[in-house]
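**Q** Show me how the following folds:
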Amino acid sequence: MTFTAIDFETATAFHPCSVGIVTVENGIIVDEFVTLIKPPNNIYSPFTIQVHGIYPRDTVNAKSFAQVFPEIQRRLQNRVVVAHNESFDRNVLAKSMALYNLNYDDLNIGARWECTVKIYKAKGLKPTKLSDCCREMKIALNHHEALSDARACAQLYMLR
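**A** Model (predicted):
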């Protein structure tokens, strides 16, 4: 039970404004990382602000994805990666890396990640939004806060 769970909050489409990463070794959370990320030109969609409550004023002085990437890489490289709705978070990572000419293959994490949506859907849980899964499994959640979402995803994965 050794893996890394990740969650991105986005400012627009696939431009992250926050990332939460939880590292699990032998079933124990050993590291948690969260940071704000300044999206390109610090532009946000009104919809995403409504979802997560992060505003341009919150990230105006934050590091860019490229500046945060070494911390992300250190936690993800050569690991099993888990996300809730993995295709979304994987695409945010891959597209952000491409924007800064970073090679996704260098992470050695595979084309697909472990997905707690798919796992809990296969168990018969409906609906499978993170908040629904956490309510069913009695996991505390401050939904759309990147570290809380990543931590909840890690806990869901350990309870599978």
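**Q** CA only for contacts and neighbour counts going forward, please
**A** OK.
**Q** Just the pLDDT for Ala111.
**A** Note on Ala111: pLDDT of 84.
**Q** Around it, count how many other residues there are.
**A** 10 (other C-alpha atoms under 10 Å).
**Q** separation between it and Met137?
**A** 28 Å (C-alpha to C-alpha, to the nearest Å).
**Q** And the helices in the protein?
**A** Here the chain has its helices, by DSSP state H, at 46-52, 56-59, 65-76, 86-99, 116-122, 130-137, 146-159.
**Q** Name the residues that touch the shortest one?
**A** Among residues not part of helix 56-59, those counted as contacts by C-alpha atoms under 8 Å, 6 or more residues apart in numbering are Cys17, Leu36, Ile37, Lys38, Pro39, Asn42, Ile43, Tyr44.
**Q** Now do the buried residues in that helix.
**A** Residues Pro56, Thr59 are the ones in helix 56-59 that count as buried (16 or more other C-alpha atoms under 10 Å).
**Q** which stretches of the chain aren't confidently modelled?
**A** The chain contains no residues with pLDDT under 70.
**Q** For the residue lying farthest from the centre of it, which residues are in contact?
**A** Taking C-alpha atoms, centre = their mean, the residue of the chain most remote from its mean C-alpha position is Gly124, at 23.7 Å. Gly124 makes no contacts at all, as judged by C-alpha under 8 Å, 6+ apart.
**Q** quick one: it and Ile29, what's the gap?
**A** Distance from Gly124 to Ile29, by C-alpha to C-alpha: 27 Å.
**Q** just Lys129 next, same as before
**A** 23 Å.
**Q** now do Asn78
**A** 17 Å.
**Q** Next up, phi/psi of Gly53, please.
**A** phi 80, psi 20 (degrees, to the nearest 10).
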